[in-house]
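Participant: The following block contains a protein sequence and its predicted model.
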Amino acid sequence: MRRIEVGLALWAAALAIGFAVVFTLGRPLPSEAQQLEAALHPVPPVSRAAAEQAATTIVRLQFPDLAPYQPTVARRDDYGIGRWVMTYVAPGPVINGARISVAIESGQVEVAAFP
């Protein structure tokens, strides 16, 4: 009998420790709304990688039909404001796509879709 009691006590302790680890270390994954909010407000100054990641998230959530296509990425200076511009284009009889512009210094994101 003593052996069963020790085994149950060890099992209960391991279970309690496991739950404690999950509750203290585990965080829930962000929702799609939280992901979109983060993509629309990147932390400045925005690097090329951060701009591309934000654009990928925006396209995945707002324009899923464009997600399989690779964007063209360009760095532009408009009136002294540096920007990363990612353009997604889906070929076909009617070209449709999206252009996502991310200001480097402010992190302002502008999204424009075209038919």
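Facilitator: Looks like it arrived, so ask away.
Participant: And the contacts of the biggest helix by length in the chain?
Facilitator: For the chain, the helix with the greatest residue count under DSSP state H is helix 2-25. By C-beta atoms under 8 Å, 6 or more residues apart in numbering, no residue outside helix 2-25 reaches it. For glycine as for every other residue, the C-beta is placed from the backbone atoms N, C-alpha and C.
Participant: tell me the strands in the chain, going along the chain?
Facilitator: Shown for the chain, the strands assigned by DSSP state E span residues 72-78, 81-90, 96-103, 109-114.
Participant: Let's have the ones you listed in a markdown table, adding distance to D65, mean pLDDT and mean neighbour count.
Facilitator: Formatted as a markdown table, these follow (distance: least, C-beta to C-beta, whole Å; pLDDT from 0 to 100; neighbours: other C-beta atoms under 10 Å):
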| stretch | distance to D65 | mean pLDDT | mean neighbour count |
| --- | --- | --- | --- |
| strand 72-78 | 17 | 95 | 11 |
| strand 81-90 | 6 | 96 | 18 |
| strand 96-103 | 8 | 96 | 21 |
| strand 109-114 | 11 | 96 | 14 |
